[in-house]
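Trainee: When you get a sec, could you give me coordinates for this:
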Amino acid sequence: MEVLIANLQSTLIFILVLSVLILVHEWGHFITAKRLGVGVERFALGFGPTIYSRMYKGTRYLINIIPLGGYVKMAGDERSQCQGRPEEFYSKPVGHRALVILNGPLVNFIFAYVCLFFVFMLGYPDLSNKIGEVIEGYPAYEAGLQAGDQVVSVDSRTIESWSGIQEAVTTSSTPQIELTVLREGREITKMLAPKIEEIKTIFGKYKTVRLIGIRPSEEIVSLKYGMGTAFLKAYQELAKITTMTYKAMFSILTGSMSAKENLTGPIGIFYIIKKAAEMGMSHLLFILGVISASLAIFNLLPVIPLDGGHLFLLVIEKVRGHALPPRVDEYIVKVGFTLLVFMALFVFYSDFARFGWIDKLKQLFP
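Mentor: I've put the predicted structure just below:
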């Protein structure tokens, strides 16, 4: 019974998170369209049968039973049906239409930033500065460092978390680093000469790094910052997430990173959100921020029917001075939808394989 209640709670949290992200994205389109004088006929959250409907100021607001998506239906948002009325989407200049499309992903980025800001205010989760393992044959082992030692400074730089240790060691330009640890209540300072090695990154490329041969403990710390620092930290973290996501996408497209192992679909996201919710509000907000930024990046891909695909067509229209012929436009839409369907099927397959469901199905149907 407890397991059933826990799974139900996780499902409700997943639906809530997904609904918030979709609502934020569609609100970006909605509010921009309204401000630019585009008529909005419907603002819907979810698909399928409608469970709530209300008409307000010319727009029908809908909540549908399947919370896996949402949409904004604007007046004249299909070129073939546009009658030239001033409130229709395709009656607006290219720049106005581009803003309506762009502001969906943009609001997702803003929402991600807000989530990360509150994470740094409430407490950013990170591995502690405690050593979990010292690797034989590396400088830390030779210097006598031990599991359980707490790294308090590197080259007189105060250390609060494991990421701080990594950053201090990798960015140091001196042949030796001064590392101070706390052991049984007393500070011990050691001089270490990092070992230079070439490693393969998660993006499938090789890079030279400085290593001292320590691994973290499993202890998690919560790092809280003041408002000013949180503003800066949130920006840095969002920039890091965005950069890593684009690098990962490029690596997957070039084949240096496995798409099967690194693409996560709704099933994988469900388990990530479930785990984050179990760990506390800061973890859940952090994951919410990461997913919101990822949703923005994904939507900016130049593939119809994604926002990036529509922006790409608007760029072509601006350069040519007029839109593409309807037949070409229709062909691009069909290709885009086909690509997305195949991508969705592949992502679902990857999720099933990752969680061992494919093997279980093979056992059921030998």
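Trainee: in the stretch 51-200 of the chain, which spans are helices?
Mentor: Using DSSP state H, counting those that start in this stretch, the helices of the stretch 51-200 of the chain run over 94-122, 139-142, 162-171.
Trainee: Tell me the buried residues in the last one?
Mentor: Within helix 162-171, the residues that qualify as buried by neighbour count (16 or more other Cβ atoms under 10 Å) are Trp162, Gly164, Ile165, Gln166, Ala168, Val169. Backbone N, C-alpha and C define where each C-beta goes, glycine included.
Trainee: so which of those residues comes closest to Leu311?
Mentor: Gln166 (37.1 Å; Cβ to Cβ).
Trainee: And the closest one, how close does it get to Ile5?
Mentor: Look at Gln166 and Ile5: by Cβ to Cβ, to the nearest Å, they are 39 Å apart.
Trainee: how does this structure divide into domains?
Mentor: Domain assignment for the chain by automatic domain parsing gives 2-123+268-364, 126-223.
Trainee: can you pull out the strands in the stretch 1-150 of the chain?
Mentor: 40-56, 59-74, 124-127, 131-134, 150-154 (DSSP state E, counting those that start in this stretch).
Trainee: Next, format those as CSV and append mean neighbour count and distance to Gly321.
Mentor: As requested, the strands of the stretch 1-150 of the chain are exported to CSV (neighbours: other Cβ atoms under 10 Å; distance: least, Cβ to Cβ, whole Å):
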stretch, mean neighbour count, distance to Gly321
strand 40-56, 14, 28
strand 59-74, 17, 24
strand 124-127, 19, 50
strand 131-134, 18, 63
strand 150-154, 20, 59
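Trainee: Of all the ones you listed, which one is nearest Phe109?
Mentor: strand 59-74 (17.9 Å).
Trainee: Averaged pLDDT, the closest one. What do you get?
Mentor: Across strand 59-74, pLDDT averages out at 89.
Trainee: Distance to Phe231 added to the domains of the chain, as a markdown table?
Mentor: Shown next, in a markdown table, are these (distance: least, Cβ to Cβ, whole Å):
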| stretch | distance to Phe231 |
| --- | --- |
| domain 2-123+268-364 | 6 |
| domain 126-223 | 15 |
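Trainee: Those: which one's closest to Lys247?
Mentor: domain 126-223 (5.3 Å).
Trainee: how long is that closest one end to end?
Mentor: From its first residue to its last, domain 126-223 covers 7 Å (Cα to Cα, to the nearest Å).
Trainee: Mean confidence (pLDDT) on it, please.
Mentor: 89.
Trainee: try stretch 270-283
Mentor: The model assigns stretch 270-283 a mean pLDDT of 83.
Trainee: Put the alpha carbons of that stretch into CSV.
Mentor: This file holds the C-alpha atoms of stretch 270-283, laid out as CSV (Å, rounded to 0.1, in the frame of the first residue of the first chain):
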residue,chain,number,x,y,z
PHE,A,270,9.8,10.6,-14.6
TYR,A,271,12.4,8.7,-12.6
ILE,A,272,14.7,11.7,-12.5
ILE,A,273,11.9,13.9,-11.1
LYS,A,274,10.8,11.1,-8.7
LYS,A,275,14.4,10.9,-7.3
ALA,A,276,14.7,14.7,-7.1
ALA,A,277,11.4,15.0,-5.2
GLU,A,278,12.5,12.4,-2.7
MET,A,279,15.7,14.4,-2.0
GLY,A,280,14.0,17.7,-1.3
MET,A,281,12.8,21.0,-2.7
SER,A,282,16.2,22.3,-3.8
HIS,A,283,16.8,19.1,-5.9
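Trainee: one step back: from the buried residues of helix 162-171, which is closest to Arg327?
Mentor: Distances from Arg327 to the buried residues of helix 162-171, taken by Cβ to Cβ, are shortest for Gln166, at 54.5 Å.
Trainee: For that closest one, give its distance to Ala248.
Mentor: 19 Å.
Trainee: Ile51 too?
Mentor: Taking Cβ to Cβ, one finds Ile51 at 37 Å from Ala248.
Trainee: And stretch 158-167, end to end?
Mentor: Start-to-end, stretch 158-167 (Cα to Cα) is 12 Å.
Trainee: Check the offset of that stretch from the chain's centre.
Mentor: With Cα atoms, centre = their mean, to the nearest Å as the basis, stretch 158-167 stands 23 Å off its chain's centre.
Trainee: How about stretch 107-118?
Mentor: Counting by Cα atoms, centre = their mean, stretch 107-118 comes out at 11 Å from the chain centroid.
Trainee: Give me the contact list for it.
Mentor: 21, 24-25, 27-28, 230-231, 233-235, 237-238, 241-242, 285-286, 288-290, 292-293, 295-296, 299 (Cβ atoms under 8 Å, 6 or more residues apart in numbering).
Trainee: Dump the buried residues of helix 162-171 to CSV, plus distance to Leu313.
Mentor: Formatted as CSV, the buried residues of helix 162-171 follow (distance: Cβ to Cβ, whole Å):
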residue, distance to Leu313
Trp162, 46
Gly164, 46
Ile165, 48
Gln166, 43
Ala168, 47
Val169, 48
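Trainee: now, which of the residues you listed sits nearest Pro266?
Mentor: Using Cβ to Cβ, the buried residues of helix 162-171 come closest to Pro266 at Trp162, 30.7 Å.
Trainee: does Tyr61 really touch Arg54, like I thought?
Mentor: Yes: Tyr61 lies in contact with Arg54 (Cβ atoms under 8 Å); the separation is 5.0 Å.
Trainee: among the contacts of stretch 107-118, which ones are buried?
Mentor: Counted by 16+ other Cβ under 10 Å, these give 21, 24-25, 27-28, 230-231, 233-234, 237-238, 241-242, 285-286, 288-290, 292-293, 295-296, 299 as buried.
Trainee: Give me the longest helix you can find in this structure.
Mentor: Assignment by DSSP state H gives helix 2-35 as the longest helix of the chain.
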